[in-house]
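J.: just a sequence and a predicted model for now, questions to come.
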Amino acid sequence: MTELVPVERIASKIYLIGDAKLMLDRNLAELYGVETNMLKHSVRRDIDRFPADFIFEMAKTDFENWRSQTRKLS
């Protein structure tokens with residue numbers, strides 16, 4: 001039997017950047033109970049099953065800048 005994930009747990013993993021709501025791949029993979037690399041592989045293997053805005057990759061430097069800013073806010 002599949003266990004339901006509390007809404008609060010999901011909501012706490014969603015980030016608002018500009019007007020976009022984003023979830024990190026590692027958090028989404030955790031919710032689905034898979035490894036991050038397997039999630040990314042599955043999406044790339046069957047990209048047509050996902051909306052065009054489902055996935056994007058942030059440059060490493062952008063990610064580090066974003067990460068340092070979110071640490072300051074929390």
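T.: Nice, I can see it.

J.: and residue 21, that's in a helix?
T.: No - Residue 21 is assigned strand when assessed by DSSP: H, G, I helix; E, B strand; the rest coil, not a helix.

J.: and it, what does it touch?
T.: 14, 15 (Cβ atoms under 8 Å, 6 or more residues apart in numbering). For every residue, glycine as well, the C-beta is placed using N, CA and C.

J.: now it: how far from residue 14?
T.: Per Cβ to Cβ, to the nearest Å, residue 21 is found 5 Å from residue 14.

J.: please apply the same query to residue 3.
T.: Here residue 3 is placed at a distance of 20 Å from residue 14 (Cβ to Cβ).

J.: more neighbours, the two?
T.: More neighbours surround residue 14 than the other of residue 3 and residue 14, with 11 against 6 (other Cβ atoms under 10 Å).

J.: quick check, pLDDT for that one.
T.: On the pLDDT scale, residue 14 is placed at 91.

J.: state whether residue 56 is indeed within a helix.
T.: No - under three-state DSSP, residue 56 sits outside any helix and is assigned coil.

J.: residue contacts, residue 31?
T.: Residue 31 touches 5, 9, 10, 13, counting by Cβ under 8 Å, 6+ apart.
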